[in-house]
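[1] pasted the sequence and its predicted model underneath.
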Amino acid sequence: SQQGEEDPQALSIQEGENATMNCSYKTSINNLQWYRQNSGRGLVHLILIRSNEREKHSGRLRVTLDTSKKSSSLLITASRAADTASYFCATGSYNQGGKLIFGQGTELSVKP
Amino acid sequence: SAVISQKPSRDICQRGTSLTIQCQVDSQVTMMFWYRQQPGQSLTLIATANQGSEATYESGFVIDKFPISRPNLTFSTLTVSNMSPEDSSIYLCSVGGQGAYYNEQFFGPGTRLTVL
């Protein structure tokens, strides 16, 4: 069963705007990862944040993690049409033997 | 990160037949995983394939339907047996990170399967 819930399910913005996607999960985790998927292709790893971290940056991406609320957010700043994709969060814990449990995903559309 | 390739990239198959999907990694990895992504859905783990041991299947997936091989540290196969249209999905392999990248997973490009 899926651990994560993501919202919104779909998001449509204009180029240059910021996009925020949220992920909630149910059980204890050691890390949370965000992935991008373009048009049903393979998943691209964006960023991993560990349970003892609160915020992480990578280029135009900012990820936050609130373990007390069991939630994470992914912020894409100054979005581009090329950011149009589905974004998934996935949780991992050491006692899961390395496997990931994925959220339902957010479909982002960035209009030029 | 590891470079992962999958073959075939896509296929259209007839009901009742079987398809074997190959996953090749450019470095030795301990942990490999197989996921299914049904149309418009998220990813669901099918099984974990570690070299030298039997694959571990998740609830709802059985070896007779999805036999997996893991002959060495760079290669794995997943077979979708006795296919039905409900098996139409994208199948993805992934590898677990090593060392400092522990628990990061990197995915192959996926195999898009359509069953008629």
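    Received the coordinates, thanks.
[2] okay, CA-based contacts and neighbour counts for the rest of this
    OK.
[3] which element is residue 47 on?
    Since no chain was named, I'll use chain A. strand A:43-50 (DSSP states H and E).
[4] oops, chain B please
    strand B:43-50.
[5] mean confidence for the strand holding A:I47?
    Confidence for strand A:43-50, expressed as mean pLDDT, is 94.
[6] which secondary structure elements does that strand contact?
    Packing partners of strand A:43-50 (3 or more Cα pairs under 8 Å, 6 or more residues apart in numbering or on different chains; DSSP states H and E): strand A:31-37, strand A:55-58, strand A:61-66, strand B:105-107.
[7] one more time with 6 Å
    On a contact count with 3 or more Cα pairs under 6 Å, 6 or more residues apart in numbering or on different chains; DSSP states H and E, strand A:43-50 meets strand A:31-37.
[8] can I get the strand it packs on in CSV, CA atoms only?
    Taking Å, rounded to 0.1, in the frame of the first residue of the first chain, the C-alpha atoms of strand A:31-37 are listed here in CSV:
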residue,chain,number,x,y,z
ASN,A,31,15.0,9.5,4.6
LEU,A,32,12.6,11.0,2.0
GLN,A,33,13.5,11.3,-1.7
TRP,A,34,11.9,13.3,-4.5
TYR,A,35,11.9,12.1,-8.1
ARG,A,36,10.8,13.6,-11.4
GLN,A,37,9.2,11.6,-14.2
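[9] one step back: chain center to the strand holding A:I47, what's the gap?
    Relative to its chain's centre, strand A:43-50 lies at 8 Å (Cα atoms, centre = their mean, to the nearest Å).
[10] chain B: strands as residue ranges?
    Remark: strands assigned in chain B by DSSP state E are B:4-7, B:10-13, B:19-25, B:31-37, B:43-50, B:56-57, B:68-72, B:75-80, B:89-96, B:105-107, B:111-115.
[11] would you list every one of the strands in chain A?
    Using DSSP E, strands in chain A cover A:5-7, A:10-14, A:19-24, A:31-37, A:43-50, A:55-58, A:61-66, A:71-76, A:85-92, A:100-102, A:106-111.
[12] reformat the ones you listed as TSV; add mean neighbour count and distance to B:E58.
    Listed next are the strands of chain A as TSV, based on neighbours: other Cα atoms under 10 Å in any protein chain shown; distance: least, Cα to Cα, whole Å:
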stretch	mean neighbour count	distance to B:E58
strand A:5-7	20	20
strand A:10-14	15	29
strand A:19-24	22	22
strand A:31-37	23	20
strand A:43-50	19	21
strand A:55-58	13	32
strand A:61-66	19	27
strand A:71-76	20	25
strand A:85-92	26	15
strand A:100-102	25	12
strand A:106-111	20	25
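[13] near chain A, which residues of chain B? Just list them.
    B:42, B:103, B:107-110 (Cα under 6 Å from any Cα of the partner chain).
[14] now do the contacts for B:F66.
    B:79-80 (Cα atoms under 6 Å, 6 or more residues apart in numbering or on different chains).
[15] what separation do you get for it and chain A?
    18 Å (Cα to the nearest Cα, to the nearest Å).
[16] B:T30: neighbour count?
    16 (other Cα atoms under 10 Å in any protein chain shown).
[17] could you measure from it over to B:G52?
    In this view, B:T30 and B:G52 are 10 Å apart by Cα to Cα, to the nearest Å.
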